[in-house]
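Asks: Based on what follows, work out the 3D shape:
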Amino acid sequence: SQRTKKISRKRFPHLQYKLLTTLLCFHLEIRAQLIEQQKCLEQQTEMRVQLLQDLQDFFRKKAEIETEYSRSLEKLAERFMAKTRNLTRYGEESMKDQNLLSPINCWYLLLNQVRRESKDHATLSDIYLNNVIMRFMQISEDSTRVFKKVMKTYHMYHTESISAESKLKEAEKQEEKQIGRSGDPVFHIRLEERHQRRSSVKKIEKMKEKRQAKYSENKLKSIKARNEYLLTLEATNASVFKYYIHDLSDLIDCCDLGYHASLNRALRTYLSAEYNLETSRHEGLDIIENAVDNLEPRNDKQRFMEMYPTAFCPPMKFEFQSHMGDEVSNSIVIALPSQSHNQNVSLEKPSTLMTTGCFSCLFSPISLLGASHSTTYHFTHSWPSFFLAKPHKVTAASNVLKPTDCLSQLHNFYLGC
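Replies: Down below sits the predicted model:
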């Protein structure tokens, strides 16, 4: 620049001028790099704020979807629960009694699982709206506030640096003026000295000594200035090194103050809510699985019959209606014709009638008396063992006949009666 050229012409030799130019270029390069760093920090902060805004919008929309899904599940459960209450007798009272049939129990557990999922999704929506989104908003505000504080500190120090630089330039101008003013008297002194040389050699020698002393003094000052320059250069390099290695990292950490930790806590809240939802869902499914494993037709049949005792209770025994003084004795012997031989059947009157909530009929022993041999069969069955498909017990004095043979004998007996 023109200012640099003027300074070099007046004060600096060629090497000093070259060094000054190099330092100025280096200063401008560092300044441009610092400005670029500032822009990068601003872009990073804007990107973070935009990311947090997107996260807020995402979780707000997800909360709306969870709320709508929760309401739909609740409507679904209420619809089928009301339909079940209207079409069946198994309402809330039956559920409290824990006396439901296993298929109906599975159905109610399935509806309860839907209700449970509805509540869980409603809770998840509430966590998104009142916890996660609020955390993201707080992180965004903190990031913006920290960046503004960092920029405020930067502008403060930048202003101080500009002020110090202006003071330095002003001091250099004052120094140039002082050098310019002191230049004319020296020039007049030199003219006078030229006239004096002609007059006296001694004066010239004295002037030489003075100049030699002044030269030595200026040389010493130059060495001191050089040493100060080297020290200043070393301090400047150390300061630049410290800034790029340590201070710049600390500056970025200040801009990131609490950002990652807060974002970590917010996202862990989301993960915890999702994991709890899955845990609750698995617990409900385990309950349904246990009910499915307990589907037992025998117990359901027994419960079903106990729920309707009047419908499935055996009727009263048919009583013998006497006619014209006819009475039934304790033992009746009837001769039944047969193809091979005659058989006498003795039918005893039933002796026992048990009533324990449902009637139990006991058939008395039936004796089949044959011409060549005599065999007694005992047929016994009780209610409700008949419905449980228990086999009839048949005991014989000499041998055991098949159930079909017993039925045929009974058939022949009733035909004879």
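Asks: mind showing which ranges of the stretch 1-150 of the chain have poor pLDDT?
Replies: For the stretch 1-150 of the chain, applying pLDDT under 70 flags the ranges 1-20, 23, 86-99.
Asks: which residues of it fall in helices?
Replies: Assigned by DSSP state H, counting those that start in this stretch, the stretch 1-150 of the chain shows helices spanning 2-10, 14-87, 92-97, 102-127, 133-199.
Asks: most neighbours per residue, which of those?
Replies: Of these, the one with the most neighbours on average (mean count of other C-beta atoms under 10 Å) is helix 102-127, at a mean of 18. From N, CA and C alone the C-beta is placed, and that goes for glycine too.
Asks: any chance of the helices of the stretch 1-150 of the chain in CSV, with distance to Gln321 too?
Replies: Formatted as CSV, the helices of the stretch 1-150 of the chain follow (distance: least, C-beta to C-beta, whole Å):
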stretch, distance to Gln321
helix 2-10, 144
helix 14-87, 45
helix 92-97, 43
helix 102-127, 45
helix 133-199, 87
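Asks: Between these, which one is closest to Asp326.
Replies: Closest approach to Asp326 among the helices of the stretch 1-150 of the chain is made by helix 92-97 (51.5 Å; C-beta to C-beta).
Asks: just to revisit the earlier point, closest to Leu248 out of the helices of the stretch 1-150 of the chain?
Replies: helix 14-87 (7.4 Å).
Asks: how close does the nearest residue to Glu274 once chain neighbours are set aside sit to Asp286?
Replies: Closest residue in space to Glu274, ignoring its immediate chain neighbours: Leu124 at 7.6 Å, by C-beta to C-beta, 6 or more residues apart in numbering. Going from Leu124 to Asp286 by C-beta to C-beta, to the nearest Å gives 20 Å.
Asks: now do Ala171
Replies: 84 Å.
Asks: Cys106 too?
Replies: Between Cys106 and Asp286 the distance is 13 Å, computed by C-beta to C-beta.
Asks: In three-state terms, how would Glu319 be classified?
Replies: coil (DSSP: H, G, I helix; E, B strand; the rest coil).
Asks: Quick check: phi and psi at it.
Replies: phi -90, psi 150 (degrees, to the nearest 10).
Asks: quick one: pLDDT of it?
Replies: Looking at Glu319, its pLDDT is 82.
Asks: Next, find the distance separating it from Cys313.
Replies: 18 Å.
Asks: likewise Val114?
Replies: 38 Å.
Asks: Repeat that for Ile223.
Replies: Using C-beta to C-beta, Ile223 is found at 128 Å from Cys313.
Asks: more crowded one of the two?
Replies: The neighbour comparison of Ile223 against Cys313 (other C-beta atoms under 10 Å) goes to Cys313, with 15 against 10.
Asks: re the thing from before, right, so of the helices of the stretch 1-150 of the chain, which gets closest to Asp300?
Replies: helix 102-127 (5.5 Å).
Asks: If you count contacts, what does that closest one end up packed against?
Replies: helix 14-87, helix 259-293, helix 297-307 (3 or more C-beta pairs under 8 Å, 6 or more residues apart in numbering; DSSP states H and E).
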